[in-house]
Structures are given as structure tokens and as C-alpha cells.
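**Student:** no sequence for this one, just the structure:
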């Protein structure tokens, strides 16, 4: 059976690293920052939903 478990902590970590890189490079493209922030929120929501579903 194929494992379809998502590792949300790795996804959040990658998004956070991307944000840190953008800030460290002095990139101030608001569109990119907004998209990364939106992605972080979506992953958080998916993780919360997944956890609540697992609890039954």
C-alpha cells in the first residue's frame, strides 16, 4: 500500500525557508510575499483539517 501521508512540517519549513531567503536577499516583491503567506495559511488549514479528521 502506498503511503500518502503528507509531512506538513516539511512543507511549512520549506515555505518558511523561502520567506527567510526572500527577506535575506532584500526582495520586496509584495506579490511573492503575499503568495508565500497565503500558501503558509493554506498548509496550516490543511494540517488542522487533517488532524481534526484523524481524531474522528
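**Tutor:** Okay, I see it. Note that the coordinates shown come from a computational prediction; the quantities given were computed from them, not determined experimentally.
**Student:** if I look at the residue lying closest to residue 29 once chain neighbours are set aside, how far off is residue 43?
**Tutor:** Spatially, and ignoring its direct neighbours in sequence, residue 29 is nearest to residue 22 (7.8 Å; Cβ to Cβ, 6 or more residues apart in numbering). Any C-beta I mention is one placed from the backbone N, CA and C, and that applies to glycine too. According to Cβ to Cβ, to the nearest Å, residue 22 stands 17 Å off from residue 43.
**Student:** so residue 28, which of the three states?
**Tutor:** coil (DSSP: H, G, I helix; E, B strand; the rest coil).
**Student:** any idea how far residue 45 is from it?
**Tutor:** From residue 28 to residue 45 the distance is 27 Å (Cβ to Cβ).
**Student:** What segments of the chain are helices?
**Tutor:** 8-24, 30-55 (DSSP state H).
**Student:** export those to a markdown table and tack on mean neighbour count and mean pLDDT?
**Tutor:** Output for the helices of the chain, formatted as a markdown table (neighbours: other Cβ atoms under 10 Å; pLDDT from 0 to 100):
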| stretch | mean neighbour count | mean pLDDT |
| --- | --- | --- |
| helix 8-24 | 13 | 91 |
| helix 30-55 | 12 | 88 |
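**Student:** measure the residue nearest to residue 29 to residue 7 for me?
**Tutor:** For residue 22, the distance to residue 7 - Cβ to Cβ - is 23 Å.
**Student:** What of residue 48?
**Tutor:** Distance from residue 48 to residue 7, by Cβ to Cβ: 15 Å.
**Student:** go on, residue 17?
**Tutor:** 15 Å.
**Student:** ok, residue 36 - contacts?
**Tutor:** 15, 18, 19, 22 (Cβ atoms under 8 Å, 6 or more residues apart in numbering).
**Student:** tell me which of the residues you listed is nearest to residue 37?
**Tutor:** Of all the contacts of residue 36, residue 19 has the smallest distance to residue 37: 7.8 Å, by Cβ to Cβ.
**Student:** if you skip the residues just before and after it, what's nearest to the closest one?
**Tutor:** residue 36 (5.4 Å).
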